[in-house]
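**Q** okay, here's the prediction I keep looking at, along with the sequence it came from:
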Amino acid sequence: MSFLDLFPVGMASPSFWSSSGTNESQGLSNASDASPTPQMPQLALVDFFFPGFSMFAGMVSKYLHIDLNLYLPLLLLAGVFTVVWNYASSYLWEQLETHFMSVVDIRTDDEIYNILMAWVANQRFSQGARRFVVNTNLNSRSWRLWYYDYDDDDEDISETKKKKKALSYTPSFGSHYFWYRGRLLLFRRSSKESNSFMMVSEREEISISCFGRNPWVLKELLMEARQMYLQKDEHKTLIYRGTLKPGSTEPTWQRCMARASRPFSTVILNEKTKQDLIDDVTDYLRPSTQRWYANRGIPYRRGYMLHGPPGTGKSSLSLALAGFFKMRIYIVSLSSITANEETLASLFAELPRRCVVLLEDIDTAGLTHTREGTQAQLQNQSTDDDMVPGQLTTGNGNTNTNSNGRLSLSGLLNILDGVASQEGRVLIMTTNHRDQLDSALIRPGRVDMIVEFGLADEDMTSAIFRAIFAHLDDDDDTSETETAADIILDADERQKLELEKARKQAAHDARVNIQAKEFASKVPTHEFSPAELQGYLMKHKRDAQAAIDSIEAWIEQTRKDRKEKQLKEAEEKRKADLKKKEEEAKKKTEEAKKKEEEAKKDAEKKTADEKTNSTPTVDDKETAKVEVKESKAPEKLELKAKGDEKLDSGYVTPASGDP
Ligand SMILES: Nc1ncnc2c1ncn2[C@@H]1O[C@H](COP(=O)(O)OP(=O)(O)OP(=O)(O)O)[C@@H](O)[C@H]1O
C-alpha cells in the first residue's frame, strides 16, 4: 500500500474538502455545499496558516468521522491567543524586569565570569538541572581570559588514585530559578547573536535577576562568589604577565598561572639577607608606614634589586615573597617586544594597589650605556639598529621613547617615579649585570635594597642536595598510611607506628646530611649555579648515592660542554664580525664607486656645458673676429671698435684724449 492509497481519490486536490466533507460537515462547509468552488479560498487560507491542515482534516474525517471544521474557530482562537501571548508575555516580562526587578549582567570577558561560574557550579539548582553544560574547566572562553594552564584544584584524586579532571556542571541555556537567602532569583544563560567566527562558548550571555528594585541580594551573592574564589587561591601565588592582546597593540595583564606558594625556606640564600628582606617588606606594607610616608611627602614606594648570574634564585625569591605576603605578582620582561614607555605606562596604570611588580632582566634592556655616557656613545646608540626590539635606550633627553619606539632610560625612570608606582606596590627588578646599569636607575629611592645572588658555594650545594633528597611529610601517600592507621585501633600500637616512622625519618635525614656534605665536597665552589646543580640532582632524585657517584663525570662533561659552547659562540661572533666588516667594506666600495661615478658625471656635464657655451653664435663670431684681430692688430681693432660704436649708438663717444 502506497502513501497515497491512504487518501481518498481527489483528496489531494482543493476540491476534495468540499466534495467529500459535505455529508458529515456542517459548520463552514455547509454554506458551500451547493457550490464547492467558493470554499477554496478559505481552505487555502487555513492551509496557509496551518500547512497540511486540509489533508489532516480529511484523514480525520475519513477514519475517525470527526469533522474538524466544527473546531476550526476554536483552533484559530487558540492560534491567535498563542501569538498574542508570545508578544504580550515578552512585553510584560520586559516591563516587569524594567520596573520591578534588579538584574546583574555578567561580562564573559571579565574575571567575574570565572568567579560566578565557580559559584554556580557548587549550587544545588545547578547540580539538579536536567539540561546542563559539563566542563573540565569553567573559565571563560573569551580570549582575554582563557588561560592555558588549569588550576591544580581542578583535579581530584579518585579512589583508584588516578588523577582525573574534575567535572563541573552548570545549567544550560535558558532560565533557571533558585532560592538564595530566602529570595527567588533567576539565573539566565543565553546565546547572543554574534559573529560566526566566535566559538559557541564565547557567544553566551549570563545574567542574574531578583524581584524587587533593591539589588542588595545580587551584590551579596557576588561577594560570596568572590570570597569562595579567593579561598580557592589562598595558598597559591597568582602570576600575571604583561602582554599584548592578540591581534592588537593594546597591552594587558594576562593571568598565566596559579602556583602553590613557594615557602621562603626553599630559597637558598643567606638567612640574614632573607630575614632583612622580609622585615623590610613587612614594615613597608604596614598601614602606619603609608601614613608616615604621606606625612613627610615621601613617595610611598619601595624598590628592590636582585642581581646575580642566571639560575641563582632571583625569580624564585620574588615568587616566594609574593606568596609570603599573599600578593599577586605581575611580571614584565623588559627584553620583550611589549616593553616601551606607552605599554609599560598602561600596564602600570592597570595594577592593583597591593601587589608585587617584577621587572625582569633589566640588563638585557640595553642599559649597557649609562646616562652619563659620552656623546659618542649616545650617537652610536641612536644609529644602532642591531638592538633587540623593546630594549631600553639611554634616551636623548628630549624624548622618553626614541625614534625606534624603544623604551629609553628616562622613559623607565618616569614610569618608576610616576604616580602609578606610588601606590604601595613592591617593585622588584632583576638583572644579571648590575655593573652595567645606570646609577640613576639604582639610586636610593628607586632601589632601596640590593640583594646579591651568587653561584653555589659549599653550603648552598649541600642545601640544594638536602632539599632534593630530604623526606617531606607531603611526599607520603597519605591515603595509604591513613588507612593502615585507621585499621589499627589500639592507641599503643598507633603510637608505636608513629615512633617507628619518626625514627626512620630521623635516620634518613641523618644519612642525607652526611651524603650532602660528601656531595658538596666534590663540587667546586662558585662554578655552578643552583639551577644547574638542581637540574643534575633531579635526574637522580630517587637515588642519592648515584648522584654522588656520578657528579665528577657530570662536572667534567659540563666543563667540556661549556668550553664547546664558548668556542662555538666565539666562532659565531667572529663570523658575524667578519660578515659585518665585509658588508661595511662592500658598502664603502660601493659608496666610493658611486661617488666616482657622480664625479665623472659632473665632469662630463661640465664639459658638455662648456661646449654648449663655447659654440659660436653670430654675435660670438663677431666677438671672436674681434678677438683675433685684437690679438693681431690692437690699434686697428681699436679703430674698428670705435667705428662699430658709432654705428651702434648713432653718435661718437668722445674718447679721452681723442682729438
Ligand atoms: N638560591 C636558590 N634557592 C633555591 N632554588 C634555586 C636557587 N637558585 C636557583 N634555584 C632553582 O633554579 C631554578 C631557576 O631559578 P630562578 O629562575 O629563580 O633563577 P634566576 O636567578 O631568576 O634566573 P634568571 O636570571 O635566568 O632569570 C628554579 O627552579 C629554582 O628552584
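**A** Alright, I've got the coordinates.

**Q** T237 should be in a helix, yeah?
**A** No. Counting by DSSP: H, G, I helix; E, B strand; the rest coil, T237 is not part of a helix but strand.

**Q** tell me the bridge partners for it.
**A** R259 (DSSP bridges).

**Q** per-residue pLDDT of it, please?
**A** Looking at T237, its pLDDT reads 89.

**Q** quick check: it vs the ligand, distance?
**A** Going from T237 to the ligand by CB to the nearest ligand atom, to the nearest Å gives 13 Å. C-betas here are computed from N, CA, C, even on glycine.

**Q** identify the residues contacting that residue.
**A** By CB atoms under 8 Å, 6 or more residues apart in numbering, the contact list for T237 reads 258-262, 319, 322-323, 328-329.

**Q** so what's the residue count around the residue of the stretch 551-659 of the chain found nearest the ligand?
**A** Closest to the ligand within the stretch 551-659 of the chain is T558: 15.3 Å, counting by CB to the nearest ligand atom. Around T558 there are 14 other residues, counting by other CB atoms under 10 Å.

**Q** re the thing from before, can you lay out the contacts of T237 as TSV showing pLDDT, distance to the ligand and neighbour count?
**A** Output for those, formatted as TSV (pLDDT from 0 to 100; distance: CB to the nearest ligand atom, whole Å; neighbours: other CB atoms under 10 Å):
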residue	pLDDT	distance to the ligand	neighbour count
A258	81	18	20
R259	83	12	18
A260	85	13	10
S261	85	14	19
R262	87	8	18
L319	93	8	20
A322	93	13	26
G323	91	13	21
R328	91	18	20
I329	93	13	22
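
**Q** what residues does this structure have near the ligand?
**A** Counting by CB under 6 Å from any ligand atom, the chain comes close to the ligand at 267-269, 310-316, 432, 453, 530-531, 534.

**Q** what subset of those residues is buried?
**A** 267-269, 311-316, 432, 453, 530-531, 534 (16 or more other CB atoms under 10 Å).

**Q** quick one: the host helix or strand of E604 to chain centroid distance?
**A** Here E604 is covered by helix 551-614, with elements defined by DSSP states H and E. Remark: helix 551-614 is offset 40 Å from the chain centroid, using CA atoms, centre = their mean, to the nearest Å.

**Q** mind checking the SS state of I208?
**A** Here I208 is strand, with the state taken from three-state DSSP.

**Q** give the bridge partners for it, please.
**A** When assigned by DSSP bridges, I208 has beta-bridge partners V104, F187.

**Q** let me know the pLDDT of D457.
**A** Model confidence at D457, given as pLDDT, is 92.

**Q** so where's the stretch 51-200 of the chain uncertain?
**A** Applying pLDDT under 70 to the stretch 51-200 of the chain flags residues 138, 140-165, 193-200.

**Q** now swap in the stretch 501-650 of the chain and tell me
**A** Where the stretch 501-650 of the chain drops to pLDDT under 70, the residues are 614-650.

**Q** quick one: the helices in the stretch 51-200 of the chain?
**A** Applying DSSP state H, counting those that start in this stretch to the stretch 51-200 of the chain gives helices spanning 53-59, 72-100, 111-120, 124-127.

**Q** show me where the stretch 351-500 of the chain has helices.
**A** Ranges of helices in the stretch 351-500 of the chain, per DSSP H, counting those that start in this stretch, are 375-383, 409-417, 458-469, 478-487, 491-522.

**Q** make TSV from those helices and add mean neighbour count and distance to W253 to it.
**A** Output for these, formatted as TSV (neighbours: other CB atoms under 10 Å; distance: least, CB to CB, whole Å):
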stretch	mean neighbour count	distance to W253
helix 375-383	12	30
helix 409-417	21	15
helix 458-469	20	32
helix 478-487	11	37
helix 491-522	13	41
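
**Q** which stretch among the ones you listed comes nearest S175?
**A** helix 478-487 (42.2 Å; CB to CB).

**Q** give me the mean pLDDT for the closest one.
**A** Mean predicted confidence for helix 478-487 is 52.

**Q** quick one on the thing from earlier: looking at the buried ones among the residues of the chain next to the ligand, which one is closest to L416?
**A** Nearest to L416 among these: K314, at 18.3 Å, using CB to CB.

**Q** dihedrals phi and psi, the closest one?
**A** phi -70, psi -50 (degrees, to the nearest 10).

**Q** return the distance of it relative to I331.
**A** For K314, the distance to I331 (CB to CB, to the nearest Å) stands at 12 Å.

**Q** returning to what we had before: tell me which of the helices of the stretch 351-500 of the chain sits nearest to N214.
**A** helix 409-417 (43.5 Å).

**Q** for the closest one, name the packing helices and strands.
**A** The helices and strands touching helix 409-417, judged by 3 or more CB pairs under 8 Å, 6 or more residues apart in numbering; DSSP states H and E, are helix 341-349.

**Q** the helix it packs on relative to helix 409-417, how many degrees between them?
**A** Counting by axes from the mean of the first three to the mean of the last three CA atoms, to 10 degrees, helix 341-349 lies at 10 degrees to helix 409-417.

**Q** change the start of the numbering to 8 and stick with it
**A** Shifting the count to begin at 8 puts that one at helix 348-356.

**Q** circling back: strands - which of the contacts of T244 land there?
**A** The strands in this structure, assigned by DSSP state E, contain 265-267, 336 from the contacts of T244.

**Q** contact partners for the residue of the stretch 158-307 of the chain found nearest the ligand?
**A** Taking CB to the nearest ligand atom as the measure, the stretch 158-307 of the chain has I275 as its residue closest to the ligand, at 3.6 Å. Contact analysis of I275 by CB under 8 Å, 6+ apart lists 320, 467, 470-471, 474, 537.

**Q** any idea how far S469 is from V519?
**A** S469 is 10 Å from V519, by CB to CB.

**Q** do the same with K546
**A** 17 Å.

**Q** likewise A267?
**A** 23 Å.

**Q** same question for I119.
**A** According to CB to CB, I119 and V519 sit 48 Å apart.

**Q** distance to E430 added to the ones in strands among the contacts of T244, as CSV?
**A** Formatted as CSV, the ones in strands among the contacts of T244 follow (distance: CB to CB, whole Å):
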residue, distance to E430
A265, 23
R266, 24
A267, 27
I336, 15
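
**Q** which residues touch the residue of the chain found nearest the ligand?
**A** Nearest residue of the chain to the ligand: G320, at 2.7 Å (CB to the nearest ligand atom). For G320, the contact set (CB under 8 Å, 6+ apart) comprises 274-276, 460, 537-538.

**Q** would you convert the residues you listed into a markdown table that also reports secondary structure?
**A** A markdown table is the format used below for these (three-state DSSP):
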| residue | secondary structure |
| --- | --- |
| V274 | coil |
| I275 | coil |
| L276 | coil |
| F460 | coil |
| P537 | helix |
| A538 | helix |
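
**Q** neighbours around H242, how many?
**A** What H242 shows, counting by other CB under 10 Å, is a neighbour count of 13.

**Q** just checking, it touches S268?
**A** Yes. At 5.7 Å, H242 counts as touching S268 under the criterion of CB atoms under 8 Å.

**Q** what's the following helix or strand after the host helix or strand of R262?
**A** Using DSSP H and E, the element containing R262 is strand 258-267. Going down the chain from strand 258-267, the next helix or strand is helix 278-292, by DSSP H and E.

**Q** got the buried residues for that following helix?
**A** Buried positions in helix 278-292, judged by neighbour count with 16+ other CB under 10 Å: 281, 284, 288, 291.

**Q** and if you look at stretch 121-136?
**A** So for stretch 121-136, counting by 16+ other CB under 10 Å, buried means 121-128, 130, 133, 136.
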